[in-house]
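my questions concern the predicted model and sequence given below.
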Amino acid sequence: MSQSQSQIEPSAPGSRYRYVVLAMLILAYTFNFLDRQILGILAGSIKADLNLTDTQLGLMGGVAFAALYTTLGVPLAWLADRVSRTWIMTVALTVWSGFTVACGFAGGFWSLFLSRMGVGVGEAGGVAPAYSLIADYFPKEQRARALAVYSFGIPLGTALGVLFGGLIAAYVNWRVAFIVVGLAGVALAPIFKWVVKDPPRGGMDRAPQTLASGEAAPLIAPKAPAFGKVLATILPKPSFWLLSFGAACSSICGYGVAFWLPTFFQRSFGLSLTDRALFYSALSLIGGVAGIWLGGVLADKFGSKNKAAYALAPAICFLVALPCFLLAMNVNSMVWAFLIFLIPTGLNLAWLGPVVAAVQHLAPASMRTTTSALFLLINNLLGLAVGLWFFGYVSDLLAPRYGAESMRHAIYIGLGFYVISAVLLIFASRRLKRDWVD
């Protein structure tokens, strides 16, 4: 379907439809992370059933998923700048959910590895188009919060994946957990397409025009530029690289720790599968939602006065999160562990609203989807492919010395990426005003 055929006029300010769209995008993103993160809570059961190592689990969760997820994201985003974004997201949702079902039928490492690659293929078309849609439904002064609310799909999906995946695996088996959540996503896809409409690109960035009759002139979407022009616009900007690699370093910790914390709770805290599911799902939901909302509010509040706030706010959050993680991992009380873990769990995700909003303003509206995909390429290639593998590999490396506590020490080492991320984002804050596109 062509871009002109699929688009509708953006909803008028105050219209509730934009919030319906946002709710559907959150729901799709929830399934995105549910299908992506469910492997973490099922890792112990899969490892025992298929006789795998931590390194192999890290490869399945990271490299298998990220290899095509990151590389296909750019061409799919380029396509989404030219055709219906909602169609691309609908097909993507169907594909990644279908391959999640296939994970439940895997008989060994390679069949599960290939199924996870299929999940990555589908999810490649799920996020960058959503960023672009939100930018076309919400005005500039509300975008950081809208993108932060959209990012609620991360803790929601993580929490639901951990909760339902863990409970289903505990009372049935891990295969049924994959099949159930995958089929639910397939059922959502046609509903998503029916509800979400594609508005003109850049409609919220242009002043409304009126015809001689006094009626509002229809908004005409700008022509999508060539891919080379997008690269020529984005790549020379230092803030793009600093934001991308700053977010990527935080994602090495974010994705890696999120995937391996259930294993840490099992080995170091001695929690059963059911207890891990309840403990970690509550932690992800409460801490994640609070942290994402905090980041969006801070960016919209201070970013209007100083563009540097879009990068400085998450940098500060990462520096505070580091000692909190270390403290939470070394308390004896599970109650105190839960309360302290809430802090870094939230601060770990506070970057989403500010950084993603800033990336949306590094290019004109007609380039936003492709620009977002380039950002996600860097962020996820390091965060997913490296992060999950890194913690598993270091854990296996340290196992002869630390035994069951090897994952604890792997996490200690990996948390150093927060410092690198904070430094990169501080440098980015000094360039944002110069590189900003209103």
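That came through fine.

the residue most central in space within the chain: what's it in contact with?
The residue lying closest to the centre of the chain (CA atoms, centre = their mean) is Ile154, at 5.9 Å. By CB atoms under 8 Å, 6 or more residues apart in numbering, the residues touching Ile154 are Tyr29, Phe33, Gly288, Ile292, Leu349, Leu352. Heads up, the C-betas are built off the backbone N, CA and C, glycines and all.

ok, now with 6 Å
Ile154 sits next to Phe33 when contact means CB atoms under 6 Å, 6 or more residues apart in numbering.

how close does it sit to Leu235?
As defined by CB to CB, to the nearest Å, Ile154 lies at a distance of 27 Å from Leu235.

coming back round to it: what distance do you get for the residue nearest to the centre of the chain to Gly414?
According to CB to CB, Ile154 and Gly414 sit 19 Å apart.

got it, and Gln142?
Distance from Gln142 to Gly414, by CB to CB: 35 Å.

try Leu231
Distance of Leu231 to Gly414, given as CB to CB: 32 Å.

ok, the two, which is more surrounded?
Gly414 (20 against 14; other CB atoms under 10 Å).

which ones are touching that one?
Counting by CB under 6 Å, 6+ apart, Gly414 has contacts Cys253, Gly256, Phe391.

hmm, try it at 7 Å
Taking CB atoms under 7 Å, 6 or more residues apart in numbering as the criterion, Gly414 is in contact with Ile252, Cys253, Gly256, Val257, Phe390, Phe391.

now swap in Pro344 and tell me
If you count contacts by CB under 7 Å, 6+ apart, Pro344 has them with Ala321, Cys324, Phe325, Ala328.

residue contacts, Ile38?
Ile38 touches Gly161, Gly165, Ala177, Phe178, Val181, counting by CB under 7 Å, 6+ apart.

give me the local confidence score for it.
The per-residue pLDDT reported for Ile38 equals 86.

report the buried residues of the host helix or strand of it.
Element membership for Ile38, per DSSP states H and E: helix 17-50. Residues of helix 17-50 classed as buried by neighbour count (16 or more other CB atoms under 10 Å): 17-18, 21-22, 24-46, 50.

for stretch 291-307, what is the average pLDDT?
81.

ok, and what's touching that stretch?
For stretch 291-307, the external contacting residues (CB under 7 Å, 6+ apart) are 141, 144-145, 147-149, 151-152, 155, 309-310, 313-314, 317, 345-354, 357, 432-433, 436.

are any of those residues buried, and if so which?
For the contacts of stretch 291-307, burial is judged from neighbour counts taken by 16+ other CB under 10 Å, and it is met by 144-145, 147-149, 151-152, 155, 309-310, 313-314, 317, 345-354, 357, 432.

the closest residue in space to Ala309 that isn't next to it in sequence: how many residues sit nearby?
Among residues not flanking Ala309 along the chain, Phe302 sits closest, at 3.7 Å (CB to CB, 6 or more residues apart in numbering). Applying other CB under 10 Å, we find 16 residues neighbouring Phe302.

from Ala313, how far off is Phe302?
Taken as CB to CB, the span from Phe302 to Ala313 is 7 Å.

find the residues that touch each one of those two.
In contact with both Phe302 and Ala313: no residue, using CB under 7 Å, 6+ apart.

about what we covered before: make a PyMOL selection of the buried ones in the contacts of Ile38.
Per 16+ other CB under 10 Å, the buried members of these correspond to this PyMOL selection:
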select buried, resi 161+165+177+178+181
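
can you name the two of the contacts of Ile38 that are farthest apart?
Between any two of those, the greatest separation by CB to CB is 10.4 Å, found for Gly161 and Phe178.

hmm, back to that, for the residue nearest to Ala309, give its distance to Gly165.
Counting by CB to CB, the gap from Phe302 to Gly165 is 38 Å.

can you check Ile286 too?
Going from Ile286 to Gly165 by CB to CB gives 18 Å.

Ser15 too?
Distance, Ser15 to Gly165, using CB to CB: 37 Å.

likewise Arg434?
45 Å.

how many residues are close by Asp275?
When neighbours are counted by other CB under 10 Å, Asp275 registers 16.

just confirm it is within a strand.
No - secondary structure of Asp275 (DSSP: H, G, I helix; E, B strand; the rest coil): helix, not part of a strand.

pLDDT at it, what is it?
91.

now the one 3 residues further on
For Leu278, the model assigns a pLDDT of 90.

and it, backbone torsions?
Dihedral pair for Leu278: phi -70, psi -50, per degrees, to the nearest 10.

now do it against Trp260, distance only.
Leu278 is 18 Å from Trp260, by CB to CB.

tell me where the model's unsure across the protein.
Residue ranges of the chain with pLDDT under 70: 1-14, 203-224.

just give the nearest non-adjacent residue to Val257, would you?
Ile411 (6.2 Å).

ok, Ser333 to Gly118 distance?
Distance, Ser333 to Gly118, by CB to CB: 42 Å.

distance from stretch 350-358 to the middle of the chain?
Computed by CA atoms, centre = their mean, to the nearest Å, the chain-centroid distance of stretch 350-358 equals 11 Å.

for stretch 388-406, same thing?
Distance, centroid of stretch 388-406 to centroid of chain: 26 Å (CA atoms, centre = their mean).

Ser333 and Gly118: which is more packed in?
Legend: neighbour count by other CB under 10 Å for Ser333 and Gly118, higher for Gly118 (20 against 9).

in JSON lines: the contacts of Pro344, plus distance to Leu397, secondary structure and neighbour count.
Formatted as JSON lines, the contacts of Pro344 follow (distance: CB to CB, whole Å; DSSP: H, G, I helix; E, B strand; the rest coil; neighbours: other CB atoms under 10 Å):
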{"residue": "Ala321", "distance to Leu397": "25", "secondary structure": "helix", "neighbour count": "26"}
{"residue": "Cys324", "distance to Leu397": "26", "secondary structure": "helix", "neighbour count": "18"}
{"residue": "Phe325", "distance to Leu397": "21", "secondary structure": "helix", "neighbour count": "24"}
{"residue": "Ala328", "distance to Leu397": "24", "secondary structure": "helix", "neighbour count": "19"}
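
most widely separated two among the residues you listed?
So, the contacts of Pro344 by CB to CB: farthest apart are Ala321 and Ala328, at 10.1 Å.

would you map the helices across the stretch 151-300 of the chain?
Listed in chain order, the helices of the stretch 151-300 of the chain (DSSP state H, counting those that start in this stretch) span 153-171, 174-195, 227-234, 238-267, 273-303.

could you tell me the angle between the second one and helix 153-171?
Here the directions of helix 174-195 and helix 153-171 differ by 140 degrees (axes from the mean of the first three to the mean of the last three CA atoms, to 10 degrees).

and the angle for helix 174-195 with helix 17-50?
160 degrees.

swap in the first one?
Relative orientation of helix 153-171 versus helix 17-50 (the same axes, to 10 degrees): 40 degrees.

do the same with the shortest one
In terms of direction (the same axes, to 10 degrees), helix 227-234 departs from helix 17-50 by 100 degrees.
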